[in-house]
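In: Let's see this in three dimensions:
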Amino acid sequence: FELENVKIKMKVSFIKENTYANNVVGFVEGSDKALKDEIIVVGAHYDHVGYFSPSAIGSSEKDSIYNGADDNASGTVGMMEVAKAFGLGKDKPRRGILFIAFCGEEKGLLGSRYYVDNPLFPIEKTIAMVNLDMIGRNSIDSLILIGWSYSEDMKKLVEEENKTIGFRFSYDGEKDFPRSDQANFARKGIPVIFFHSGEHEDYHKVSDETSKINFSKIEKVARLCYKVVYRLANSEIKPKLNQDKLAN
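Out: Purely as a prediction, here's the structure:
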């Protein structure tokens, strides 16, 4: 029944706990004396949203684990495959490549925020960042580019390298730019690009399971990421952030 014209006051008590988590990094050292101090970051967040107790909320769900197969085991796997390719390559990149599995993305981009404020290498030496977040669902031929409006140089480079990969890019995801880790790098004036395969009915649900992942798509995104990072690491290209974004 309804209670009309009633005001209720509540007091809530809680215990605040500090929890420690780690970013996980791997580094491929640059080989060019003139360029080795410049860094390209390839990132993906490895955290998800944990679990819930069905009995505590009166749910009939049997599954209580948010596995996060797409968000973001897919991006983490893609990043590791790119790292493996560079690590096994006979010719080392001219610039250094830093691979970071970020923690705390789901809690407010905490891991990437910590990194850009406490970098392993001078942040002004980081020339670009490529982010992989949710790359394992939807059509194998489609990919959403996010962050393209922040750097014309990065947009052009990705489009050129995609000619041999064959994705149909969608450019309508800029509204989601603040929602993933590349946003913290852009805040520091670093050109970025974010590869994203799009949301789906299992987003942030316990049904985001491995059985629904398109592994061929992860491979295809990883190949594109490798080509983009290889070009950044070995050419004279040093992308710039668009001037209108510098003011923001």
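
In: mind listing the strands in this structure by residue range?
Out: 24-28, 39-45, 96-102, 126-132, 142-146, 168-170, 192-196 (DSSP state E).

In: what comes up buried for the fifth one?
Out: Meaning strand 142-146. Going by neighbour count (16 or more other Cβ atoms under 10 Å), the buried part of strand 142-146 is 143-146. The way it works is simple: take the backbone N, C-alpha and C, and place the C-beta from them, glycine included.

In: cool, the first one as well?
Out: Of the residues in strand 24-28, 26, 28 count as buried by neighbour count, 16+ other Cβ under 10 Å.

In: what inclination does that strand have with respect to strand 96-102?
Out: 170 degrees (axes from the mean of the first three to the mean of the last three Cα atoms, to 10 degrees).

In: Strand 24-28 - which strands sit beside it in the sheet, and in what orientation?
Out: Partners of strand 24-28 in the sheet, by DSSP bridges, are strand 96-102 (antiparallel).

In: how much space between the residue nearest to Cys225 when sequence neighbours are not counted and Asn118?
Out: Computed as Cβ to Cβ, 6 or more residues apart in numbering, the closest residue to Cys225 that is not its neighbour in sequence is Val82, at 5.1 Å. Val82 is 24 Å from Asn118, where distance means Cβ to Cβ, to the nearest Å.

In: of these two, who's got more company?
Out: Comparing Val82 with Asn118 by other Cβ atoms under 10 Å, the one with more neighbours is Val82, at 26 against 9.

In: wouldn't that one be in contact with Tyr226 here?
Out: Yes - in this structure, Val82 is within contact of Tyr226 by Cβ atoms under 8 Å, at 5.0 Å.
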